[in-house]
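Trainee: take a look and give me a structure for this.
(one chain, ligands or ions: 1)
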Amino acid sequence: FIGLTALGASAATEMPPLPEVTGDKVEAEGNFNIKFSIGTTKSGAQYRGLEYFEKIVEQRSGGDIQVELFPGAQLGDDLQATSALQAGTLEMTMPSTSPLVNMFPKFAVFDLPFLFPKPEMADAVLDGEIGQQMLEDASSKGLVAIGWGENGYRQLTNSQRPVDSPDDLEGLKIRTMQNELHMDIWRTLGANPTPMSFAELFTALEQGVVDGQENPWITIKSSKFNEVQDYATETNHVYTPFITLVSKRFWDRLPEEYQQLLRDAATKMGNYQRDVSRTLNDQIKQDLKDSGMQITELTDEQIKVFQNKLEPVYKNWRDEIGGELIDQIRTKVQQAQAQ
Ligand SMILES: O=C(O)[C@H](O)[C@@H](O)[C@H](O)CO
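Mentor: Residues are numbered from 1 along each chain as shown. Predicted coordinates:
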């Protein structure tokens, strides 16, 4: 086990060891270097997934493919890194789907509030027909989409006051991803949404440019937001997936055997990321409490108040996203709930 004091704050949460690499060695022509950029830091679950991807690809290609990891938006935030893939100056990235909605409007379905009551329901959709179709649709515009990962359930934090009802949001400046639907969510709840790149978020919180933000517990801790935010509310208001993207220009240079290897490794990375973020979720929340963050856990009744207040968001975005896709996903969720 590797201690994670790097995760900041007090208790070190143990990061599970990287799994063994399974599958045969892949023989193919050529040597290749992959620069793989992400926005979250070295001590999050996303990066841990990338380490596993690196291990699989380097071992199974016998070292003919080398992978270099660039966390913390060193090579740009989600949008900048995606553009670099399209330009062919970067090989891989794994953004949240939310900032890419202008490029792929259907991704906005994942921004609908309280869509997935449980993470397994998101898995059923992402790993099923709907998710596969979305990967195919996103394999365009100079990109190849080869898998899903887990960013996770988003939680609200702020520097001003405890929040246990939408009324407490009055006048709070909340940073959102660069995504109109997320802005609609916080506006509808009564806050002032400010869209901003993740790369600028810590400084904006520290300087009080914004009062709050929302991200999964593991990102709140790995980005040290708890050092500039005293209050958090466990809203679980949106489940955000990550999507694994490759530059089409690079992809087309790869022999088919190596394309298949990257697809396999991306699937394994995504599943491992899910395991890590779900295994650590509660412990990380406890670490944040131990670090002095005041966390409000909402009752079912209190969550209902947020859900009811956000129902109009579904109406506002039905046509833009497509009623059929929303109904398809809601049906899948209800089926999963009935099981
Ligand atoms: O708040 C956000 O922007 C997202 O949740 C981040 O994880 C982002 O993708 C990291 O690049």
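Trainee: correct me if wrong, but Q213 is in a strand.
Mentor: Yes. According to DSSP: H, G, I helix; E, B strand; the rest coil, Q213 belongs to a strand.
Trainee: off-centre distance for stretch 22-40?
Mentor: In this view, stretch 22-40 has its centroid 22 Å away from the chain centroid, taken as C-alpha atoms, centre = their mean, to the nearest Å.
Trainee: cool, and stretch 57-73?
Mentor: 21 Å.
Trainee: then it to PDB, C-alphas only?
Mentor: Taking C-alpha atoms only, stretch 57-73 is exported to PDB below (Å, rounded to 0.1, in the frame of the first residue of the first chain):
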ATOM      1  CA  VAL A  57       0.400  -0.500 -22.300                       C
ATOM      2  CA  GLU A  58       4.100  -0.500 -21.600                       C
ATOM      3  CA  GLN A  59       4.200  -4.100 -20.400                       C
ATOM      4  CA  ARG A  60       2.000  -5.600 -23.100                       C
ATOM      5  CA  SER A  61       3.800  -3.600 -25.900                       C
ATOM      6  CA  GLY A  62       7.100  -4.900 -24.600                       C
ATOM      7  CA  GLY A  63       8.100  -1.200 -24.100                       C
ATOM      8  CA  ASP A  64       7.500  -0.300 -27.800                       C
ATOM      9  CA  ILE A  65       4.800   2.100 -26.600                       C
ATOM     10  CA  GLN A  66       6.000   4.600 -23.800                       C
ATOM     11  CA  VAL A  67       3.400   6.600 -21.900                       C
ATOM     12  CA  GLU A  68       4.200   9.900 -20.100                       C
ATOM     13  CA  LEU A  69       1.700  11.200 -17.600                       C
ATOM     14  CA  PHE A  70       0.900  14.900 -17.100                       C
ATOM     15  CA  PRO A  71      -1.500  15.600 -14.200                       C
ATOM     16  CA  GLY A  72      -2.600  18.900 -12.800                       C
ATOM     17  CA  ALA A  73      -3.400  20.600 -16.200                       C
END
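Trainee: quick check: which element contains P241?
Mentor: Element membership for P241 (DSSP states H and E) is strand 239-247.
Trainee: same thing with D319?
Mentor: Assigned by DSSP H and E, D319 belongs to helix 300-321.
Trainee: next SSE after that helix?
Mentor: Next in sequence after helix 300-321, counting helices and strands by DSSP H and E, comes helix 323-338.
Trainee: next, the buried residues of that following helix.
Mentor: By neighbour count with 16 or more other C-beta atoms under 10 Å, helix 323-338 contains the buried residues L325, I326, Q328, I329, K332, V333, A336. For the C-beta atoms, the positions are set from N, CA and C on the backbone; glycine is no exception.
Trainee: and which of those residues is nearest to the ligand?
Mentor: The ligand has its nearest neighbour among those in I329, at 20.3 Å by C-beta to the nearest ligand atom.
Trainee: what does the stretch 51-200 of the chain have sitting close to the ligand?
Mentor: D77, D78, P95, S96, N151, M177, F198 (C-beta under 6 Å from any ligand atom).
Trainee: would you list the residues you listed in a markdown table and tack on neighbour count, pLDDT and secondary structure?
Mentor: Listed next are these as a markdown table, based on neighbours: other C-beta atoms under 10 Å; pLDDT from 0 to 100; DSSP: H, G, I helix; E, B strand; the rest coil:
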| residue | neighbour count | pLDDT | secondary structure |
| --- | --- | --- | --- |
| D77 | 22 | 98 | coil |
| D78 | 27 | 98 | helix |
| P95 | 24 | 98 | coil |
| S96 | 24 | 98 | strand |
| N151 | 27 | 98 | strand |
| M177 | 29 | 98 | coil |
| F198 | 24 | 98 | helix |
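Trainee: farthest pair within those?
Mentor: The most widely separated members of those, counting by C-beta to C-beta, are D77 and N151 (13.9 Å).
Trainee: E51 contacts V67, correct?
Mentor: No. E51 lies out of contact with V67 (C-beta atoms under 8 Å); the separation is 9.4 Å.
Trainee: and the two? which has more neighbours close in?
Mentor: Comparing E51 with V67 by other C-beta atoms under 10 Å, the one with more neighbours is V67, at 22 against 16.
Trainee: burial count for T279?
Mentor: Neighbours of T279 (other C-beta under 10 Å): 15.
Trainee: can you tell me how far it is from V246?
Mentor: For T279, the distance to V246 equals 28 Å [C-beta to C-beta, to the nearest Å].
Trainee: T82 sits in which helix or strand?
Mentor: Going by DSSP H and E, T82 is part of helix 78-87.
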